[in-house]
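*Asks:* here are the coordinates; sequence isn't available:
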């Protein structure tokens, strides 16, 4: 069972679609965990599209139990690496814009 207030804590829940992307598991795997009583869920809907909201820690425990801790750590590492690459790309774009602005200002000062 979930602890008191766990459903409201930031980052404690995720949708089934996010879980599939983040941990590389199928929706059927998540549903099997729910039916087995290993994962608690709540149903939701956004703009008429239904989704399942699940607790992150229960999903992680179920993945570690079913596939092993190695699979879980690989999924977390892959997700963290994707986030770092995304941040680096954004910083490179910002840096190129700042360099262009710097060049523009230096050109203006020389006149």
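*Replies:* Sure, I can see it. Quick caveat: nothing in here was measured; it's all calculated off a predicted structure. Residues are numbered from 1 along each chain as shown.
*Asks:* where does pLDDT dip in this structure?
*Replies:* Along the chain, the parts satisfying pLDDT under 70 run over 1-4.
*Asks:* name the element the most centrally placed residue in it belongs to?
*Replies:* Central residue of the chain (CA atoms, centre = their mean): residue 22, 5.3 Å from the mean position. Per DSSP states H and E: residue 22 is located in helix 16-23.
*Asks:* would you mind listing the buried residues in that helix?
*Replies:* Residues 16, 19, 22, 23 are the ones in helix 16-23 that count as buried (16 or more other CB atoms under 10 Å). (C-beta placed from N, C-alpha, C; glycine too.)
*Asks:* with stretch 71-83 instead?
*Replies:* Across stretch 71-83, burial judged by 16+ other CB under 10 Å covers 72, 75.
*Asks:* which residues outside that stretch are in contact with it?
*Replies:* Residues from elsewhere that reach stretch 71-83, judged by CB atoms under 8 Å, 6 or more residues apart in numbering: 22, 23, 24, 60, 63, 64.
*Asks:* what about residue 111, neighbour count?
*Replies:* For residue 111, the neighbour count with other CB atoms under 10 Å is 4.
*Asks:* hang on, I meant residue 97
*Replies:* Residue 97, neighbours per other CB under 10 Å, totals 10.
*Asks:* host element of it?
*Replies:* In this structure, residue 97 is located in helix 69-110 according to DSSP H and E.
*Asks:* from residue 89, how far off is residue 40?
*Replies:* 36 Å (CB to CB, to the nearest Å).
*Asks:* which of the two has more neighbours?
*Replies:* Ranked by neighbour count (other CB under 10 Å), residue 40 and residue 89 place residue 40 first, with 17 against 10.
*Asks:* surely residue 42 is in a strand?
*Replies:* Yes. Residue 42 forms part of a strand when assessed by DSSP: H, G, I helix; E, B strand; the rest coil.
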